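> test case, fold it:
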Amino acid sequence: MLTAYVVSVSPWFDVVTFVVLVAVGFRLVVGWCCREGWSARHCVGLASGAALTYAWVGFFNAAELGISIAETMIGSAIFATAGAAVVVHANRRIAVQLVQIARN
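From the prediction side, this is the model:
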């Protein structure tokens, strides 16, 4: 079982640490988006990676909530399948848009 044991100094320390990590991540993504050559395909790739990471981590973390293994696996499989379907759909839409741009 994958588990991380972390000793926390204070609940507020955890909150501040989380907010700082989110702010740094947000700043990195905004910096990447402003670079020359960044396209919709890059945005889809970034969002896909985040969504699919959230989906596979769900297989491990949901068990920590006291939910039965069967419910955990079924729910995570449904979410992961839906996430993969959204990723495929987004990539197809981007490909269609790129073909239309190339034709013009």
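
> give the buried residues for the longest helix belonging to the chain.
Criterion DSSP state H: the longest helix present in the chain is helix 69-103. For helix 69-103, the neighbour count (16 or more other Cβ atoms under 10 Å) marks 72, 76, 79-80, 83, 87, 90, 94 as buried. Any C-beta I mention is one placed from the backbone N, CA and C, and that applies to glycine too.

> do stretch 46-55 as well
Those would be 48, 51, 55, for stretch 46-55 by 16+ other Cβ under 10 Å.

> and of the residues you listed, the nearest to Asn104?
Ser48 (26.6 Å; Cβ to Cβ).

> contacting residues for that closest one?
Counting by Cβ atoms under 8 Å, 6 or more residues apart in numbering, Ser48 touches 87, 90-91.

> roughly how far apart are it and Glu71?
Note on Ser48: its distance to Glu71, by Cβ to Cβ, to the nearest Å, is 26 Å.

> for Leu46, same thing?
31 Å.

> do Leu21 as well
Taken as Cβ to Cβ, the span from Leu21 to Glu71 is 30 Å.
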